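In: sequence first, predicted coordinates after that:
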There are 2 protein chains.
Amino acid sequence: MSLIVVGTMAFDNIETPFGKSDRIVGGAATYIAWSACNFTRPINQISVVGGDFPEEEMQALALRGVNLEGVQVRKNEKSFFWAGRYHMDMNTRDTLDTQLNVLADFNPIVPESYQGSEFLMLGNLVPSVQLSVIRQLKSRPNLIVLDTMNFWMETAMPDLEKVLREIDVLLINDSEARQLSAQYSLVKAAREIMKMGPKYLVIKKGEHGALLFYEDQVFVAPALPLEDVFDPTGAGDTFAGGFMGHIARTRDVSFENMKTAVIVGSAMASFCVEKFGNTRLKELDREQIDSRIRQFVELVNFDIQLV
Amino acid sequence: MSLIVVGTMAFDNIETPFGKSDRIVGGAATYIAWSACNFTRPINQISVVGGDFPEEEMQALALRGVNLEGVQVRKNEKSFFWAGRYHMDMNTRDTLDTQLNVLADFNPIVPESYQGSEFLMLGNLVPSVQLSVIRQLKSRPNLIVLDTMNFWMETAMPDLEKVLREIDVLLINDSEARQLSAQYSLVKAAREIMKMGPKYLVIKKGEHGALLFYEDQVFVAPALPLEDVFDPTGAGDTFAGGFMGHIARTRDVSFENMKTAVIVGSAMASFCVEKFGNTRLKELDREQIDSRIRQFVELVNFDIQLV
């Protein structure tokens, strides 16, 4: 049950129609770890932060079973910083500022103690960094899951294509799936993308749920209808953490179990958006998570007797 | 198992990114009848057509158990006509032309033989006409279901408010729900709309499925991921026909059975969009419908064992 998580640990400035949040802790690997640690430990974290990254956050993660040996700390530099503003639909956003800082020349080093990990979650990051981690592993993990975004399709497509050939599961959102495949229909998009490498594809549709594709099969997961989405930042990463956490816990990489992993990921993401940043994730306990997953079971449950 | 269906029987010109179709048979009540007749008969149709409405269409409907006694035929006038163009996302469309013709002064008359019908499906139409049918019924049906659209919210809101107070179930799409409630969150929108009269609310989201609200409960139905949506015209009416048809067949108006009705409606709508107009609906047999409903069961089925 050992899981490697690769991604940013960073600061975000977030504006939503509901408010503003200044310089809060964010980053793909932060959200993934906070989500996945509810299902599997240790989490072997690989990232890079500056001297400004809060020590309390590191300690809080360590207490949750996150191994920080692979997190480089550059005392005299600054952590990655992103500022963005969400629109009313919470599915579209404008990037207001991006400061790469420590990420500019990040060269990930996989600690010897991480070798032999069974699962690898590559959070959204420069494709060449994702690739470097895969290449450093002496034995291939049982499942490699990748998250990426439109920015890398536009600026690093050759590297992204290389990573896609090495992975098992790709997680992207619907507009990214359309961009990557040049197909409008998500069914056709999925077929094209699976030709690029991944055997499984999860297309995330925010408030409309998620689709899981495998060969010519498809599974539809609902999103929990919420009164308010306060802040969607990190929801995709939190989904990834729940998805990968469930797989690592059960050590079952079948399509059937991946369906359940999509539900677990969706349940975790539904918590994330309830408060700014990772506030809600830090409050969670087992009982709340189980109860939320039960809500998902109820959400789609119906009886049918054919005529 | 008697169902009254009220709505237009008309002609449509349709343009989609996949092609054009000139002056094909359409209208809410036509689609509802073609869909509902697979589940319940007779269907007591109430509508108005001109002398141009094809006799073969009437005969085909009669053969499917559609009682046309309540359909007024005005030999020297023309049927209602609508022309529209769909955008690439198939969720938005422009109206290019609307000719009310026989609909301009339509005064529905409920035949004596329709009295005592157990179920009433009010297809999208002028709210005062929908209200007139309700008022003509000597005994209240077990369930009254209403479909409407943004056009009536903008031009006939006082009448629409009156109809809403008389019905049990409202079917509308997501943008209409937001418009009617002045709420962006669909959960909040549902709460506001249910205060206006309907005990149940179905919000249709096209390719993203549908939500069924009742008190503080919600059910999420998937849409079938399709390779191509050729023509969404009539999909909402076809959904209504499947929904109401299932309820009429089972004579069970519980929330639990309404969930199943949403699935049956979704399955029927997934056929409708596969070909232009009502072509696909006319080809359907029981086996195809059962097999499609089974696909919906599979689509959302997952196992979960909590930790």
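Out: On my side now, so go ahead. No experiment lies behind these values; they were computed from the predicted model shown.

In: show me the contacts for the spatially most central residue of chain A.
Out: Among the residues of chain A, the one closest to the centroid is A:D237, at 2.6 Å (Cα atoms, centre = their mean). By Cβ atoms under 8 Å, 6 or more residues apart in numbering or on different chains, the residues touching A:D237 are A:7, A:28-32, A:35, A:123-124, A:147. C-betas here are computed from N, CA, C, even on glycine.

In: and which of those is nearest to chain B?
Out: A:S35 (14.5 Å; Cβ to the nearest Cβ).

In: if you look at the contacts of A:D237, which of them are in strands?
Out: Judged by DSSP state E, strands contain the following of these: A:D147.

In: what about the contacts of A:D237, which are in helices?
Out: A:28-32, A:35 (DSSP state H).

In: scan those residues and report the most crowded one.
Out: A:I32 (35 neighbours; other Cβ atoms under 10 Å in any protein chain shown).

In: so it makes contact with A:F119?
Out: No - using Cβ atoms under 8 Å, A:I32 is not in contact with A:F119, being 11.7 Å away.

In: mutual contacts of those two, please.
Out: A:M244.

In: would a markdown table of the ones in helices among the contacts of A:D237 with pLDDT be doable?
Out: Listed next are those as a markdown table, based on pLDDT from 0 to 100:
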| residue | pLDDT |
| --- | --- |
| A:A28 | 97 |
| A:A29 | 98 |
| A:T30 | 98 |
| A:Y31 | 98 |
| A:I32 | 98 |
| A:S35 | 98 |
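
In: for chain A, longest helix please?
Out: helix A:255-272.

In: could I get the average pLDDT for it?
Out: Mean per-residue pLDDT for helix A:255-272: 97.

In: just want the angle from it to helix A:28-36.
Out: If you take axes from the mean of the first three to the mean of the last three Cα atoms, to 10 degrees, helix A:255-272 sits at 110 degrees to helix A:28-36.

In: contacting residues around A:M268?
Out: Here A:M268 is in contact with A:35, A:38, A:238-239, A:241-242, A:245, A:281, A:289 (criterion: Cβ under 8 Å, 6+ apart).

In: the strands in the stretch 201-307 of chain A, which residues?
Out: A:210-214, A:217-221 (DSSP state E, counting those that start in this stretch).

In: A:S254: which of those strands is closest?
Out: strand A:210-214 (9.6 Å; Cβ to Cβ).

In: for that closest one, packing partners?
Out: helix A:186-195, strand A:200-204, strand A:217-221, helix A:255-272 (3 or more Cβ pairs under 8 Å, 6 or more residues apart in numbering or on different chains; DSSP states H and E).

In: got the residues of the stretch 101-250 of chain A near chain B?
Out: Contacts of the stretch 101-250 of chain A with chain B, taken as Cβ under 8 Å from any Cβ of the partner chain, map to A:184-188, A:205, A:208-209, A:211, A:218-223, A:225-229, A:249.

In: from these, list just the buried residues.
Out: Neighbour-count burial within these applies to A:185-188, A:205, A:208-209, A:211, A:218-223, A:225, A:229, A:249; the criterion is 16 or more other Cβ atoms under 10 Å in any protein chain shown.

In: which other residues reach stretch A:50-70?
Out: Under Cβ under 8 Å, 6+ apart, the answer for stretch A:50-70 is A:4, A:9, A:11, A:25, A:30, A:33-34, A:37, A:41-47, A:71, A:73-79, A:101-102, A:108-111, A:113-114, A:282.

In: picking that back up, mind putting the contacts of A:D237 into TSV with distance to B:N301?
Out: Converted to TSV, those look like this (distance: Cβ to Cβ, whole Å):
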residue	distance to B:N301
A:G7	32
A:A28	31
A:A29	33
A:T30	33
A:Y31	29
A:I32	27
A:S35	24
A:G123	29
A:N124	30
A:D147	26
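
In: now do the helices in the stretch 51-200 of chain A.
Out: Secondary structure of the stretch 51-200 of chain A (DSSP state H, counting those that start in this stretch): helices at A:55-63, A:127-136, A:150-155, A:157-164, A:174-181, A:186-195.

In: so can I have a markdown table of those helices showing mean pLDDT?
Out: Converted to a markdown table, the helices of the stretch 51-200 of chain A look like this (pLDDT from 0 to 100):
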| stretch | mean pLDDT |
| --- | --- |
| helix A:55-63 | 98 |
| helix A:127-136 | 98 |
| helix A:150-155 | 94 |
| helix A:157-164 | 98 |
| helix A:174-181 | 96 |
| helix A:186-195 | 98 |
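
In: could those go into a markdown table alongside distance to B:F255?
Out: Putting the helices of the stretch 51-200 of chain A into a markdown table (distance: least, Cβ to Cβ, whole Å) gives the following:
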| stretch | distance to B:F255 |
| --- | --- |
| helix A:55-63 | 43 |
| helix A:127-136 | 47 |
| helix A:150-155 | 41 |
| helix A:157-164 | 44 |
| helix A:174-181 | 31 |
| helix A:186-195 | 31 |
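
In: where does the stretch 201-307 of chain A have low pLDDT?
Out: Low-confidence segments of the stretch 201-307 of chain A (pLDDT under 70): A:306-307.

In: how about A:N91: what's its closest non-neighbour residue?
Out: A:G206 (4.8 Å; Cβ to Cβ, 6 or more residues apart in numbering or on different chains).

In: residues touching that neighbour, list them.
Out: A:90-91, A:173, A:223, A:232, A:235.

In: over to A:L170?
Out: A:L170 neighbours (Cβ under 8 Å, 6+ apart): A:145-146, A:148, A:164, A:193, A:197-198, A:200-202.

In: in CSV: these, plus distance to B:A62 and neighbour count.
Out: What follows is those, written out as CSV (distance: Cβ to Cβ, whole Å; neighbours: other Cβ atoms under 10 Å in any protein chain shown):
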residue, distance to B:A62, neighbour count
A:V145, 57, 26
A:L146, 57, 27
A:T148, 57, 24
A:L164, 56, 19
A:I193, 48, 22
A:G197, 56, 16
A:P198, 53, 25
A:Y200, 50, 22
A:L201, 47, 25
A:V202, 48, 28
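
In: of the residues you listed, closest to chain B?
Out: A:L201 (11.7 Å).

In: export the helices and strands packed on strand A:210-214 to JSON lines and tack on distance to A:I293?
Out: Compiled in JSON lines, the helices and strands packed on strand A:210-214 are given as follows (distance: least, Cβ to Cβ, whole Å):
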{"stretch": "helix A:186-195", "distance to A:I293": "25"}
{"stretch": "strand A:200-204", "distance to A:I293": "17"}
{"stretch": "strand A:217-221", "distance to A:I293": "12"}
{"stretch": "helix A:255-272", "distance to A:I293": "5"}
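
In: thanks again, I'm all set now.
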